[in-house]
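Participant: sharing a model that was predicted from the sequence below.
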Amino acid sequence: MEELLEHIRRTYGGLADRIQAGFVERPVTLRINTLKTSVDEVLFAFAREGIAYERVPWFSDALIVHCPQEIIENTPLYQEGHFYLQSLSSMLPPLVLSPSPGESILDMTAAPGGKTTELYCLSGGKAQITACERDKYRFERLKFNLGRQGATRVYAMCRDAAMLDDFLKFDKILLDAPCTGSGTVTSTDIRFTEVFLAKCVHMQEKLLKKALKLLKKGGTLVYSTCSVLKEENELLLERTLPREAHIEQIVPPEGIPLLPSREGTLTVCPDKLYEGFFVARIRL
């Protein structure tokens, strides 16, 4: 933990204490699967079962739930895929990508499937989504969640997205890149070294370069990480993006805690509700 905190102090100076204060356990949050149910149906069921919740102002399908996670996981609605347990910050990248019916969309690192199924929901189940996951165990988890959520039109591939053929082209791409997880810390038990950071950055650069090759001209790429480290975020984009690519302005939803970030991008500051997260929208 101390090595991570020292890195954050060098980067953010006086804001480091604010970031560290956000390294806490967060309440259960979820996204309602509107292709299987309605928001009202879930709210009615929770009221009937005495499960307290709060609405999320910037996303009508999201709830903050005030009860132990095991209680939520034992409800029939959860078992039947009527909602998906997902952090609030991780709901942002699919919203920023804004999928539409008929679009070809690639989710490059899809497991366990939260963002994939959100993309599916947001498109009304009518986008042509390809979801890649190279790890066999995580791929099985992805397939399980796609099935439970009823995402029947998603084409899942157990393959490293960095190895996809360049002739493939997509209207939109989500690259939620593997990272150090520096924004998701909840205790002193974290694996972080400068060597590990360098390995993550190398993988992120490789995936980002591949994403740019697979994106159609005029297409949209959303790059995100659950990290607050600039090496994985702004600095990576500055070094990797070609001249013809430009970062589009993202208007942050009201109430989300933010850290200083490159103009147009979002860096969410970890706090009692939100994981630290970075989101950028790129247009070719």
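Facilitator: Right, received. Where do you want to start? Numbers count the residues shown, from 1 in each chain.
Participant: show me where the stretch 51-200 of the chain has its strands.
Facilitator: For the stretch 51-200 of the chain, the strands defined by DSSP state E, counting those that start in this stretch cover 53-56, 59-65, 83-85, 104-107, 128-132, 155-157, 170-176.
Participant: bridge partners for R281, pull those for me.
Facilitator: V222, E248 (DSSP bridges).
Participant: would TSV of the strands of the stretch 51-200 of the chain with distance to N145 be doable?
Facilitator: The way it works is simple: take the backbone N, C-alpha and C, and place the C-beta from them, glycine included. Formatted as TSV, the strands of the stretch 51-200 of the chain follow (distance: least, C-beta to C-beta, whole Å):
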stretch	distance to N145
strand 53-56	21
strand 59-65	16
strand 83-85	7
strand 104-107	12
strand 128-132	10
strand 155-157	10
strand 170-176	15
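Participant: okay, these in TSV with mean neighbour count, distance to P253 and mean pLDDT next?
Facilitator: As requested, those are exported to TSV (neighbours: other C-beta atoms under 10 Å; distance: least, C-beta to C-beta, whole Å; pLDDT from 0 to 100):
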stretch	mean neighbour count	distance to P253	mean pLDDT
strand 53-56	16	9	97
strand 59-65	18	8	98
strand 83-85	21	19	98
strand 104-107	25	22	98
strand 128-132	23	24	98
strand 155-157	16	30	97
strand 170-176	24	18	98
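Participant: run a quick neighbour tally on E49.
Facilitator: Counted with other C-beta atoms under 10 Å, residues neighbouring E49 total 13.
Participant: may I ask you to confirm that it is in contact with L77?
Facilitator: No - with contact defined as C-beta atoms under 8 Å, E49 does not count as touching L77 (9.5 Å).
Participant: and T265, how far from Y155?
Facilitator: 30 Å (C-beta to C-beta, to the nearest Å).
Participant: swap in N145?
Facilitator: N145 is 15 Å from Y155, by C-beta to C-beta.
Participant: okay, T188: pLDDT?
Facilitator: On pLDDT, T188 comes in at 62.
Participant: now I8
Facilitator: Confidence score, pLDDT, at I8: 96.
Participant: repeat that for the one 3 residues further on.
Facilitator: Confidence at T11, expressed as pLDDT, is 95.
Participant: which residues does the helix or strand where it lies contact?
Facilitator: Here T11 is covered by helix 2-12, with elements defined by DSSP states H and E. Helix 2-12 has contacts (C-beta atoms under 8 Å, 6 or more residues apart in numbering) with 16, 19-20, 180, 182, 185, 190, 192-194, 197, 228-230, 259-260.
Participant: CA-only coordinates of the next helix or strand after it, as CSV, when you get a sec.
Facilitator: Next along the chain after helix 2-12, taking DSSP H and E as the criterion, comes helix 16-21. Extracted in CSV, the C-alpha atoms of helix 16-21 (Å, rounded to 0.1, in the frame of the first residue of the first chain):
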residue,chain,number,x,y,z
ALA,A,16,-3.5,12.3,-2.1
ASP,A,17,-5.2,12.4,1.3
ARG,A,18,-8.6,12.8,-0.4
ILE,A,19,-7.9,9.8,-2.6
GLN,A,20,-6.7,7.7,0.3
ALA,A,21,-9.9,8.6,2.2
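Participant: tell me the helices and strands packed up against helix 16-21.
Facilitator: In terms of contacts (3 or more C-beta pairs under 8 Å, 6 or more residues apart in numbering; DSSP states H and E), helix 16-21 is packed against helix 2-12.
Participant: thank you kindly, that will do.
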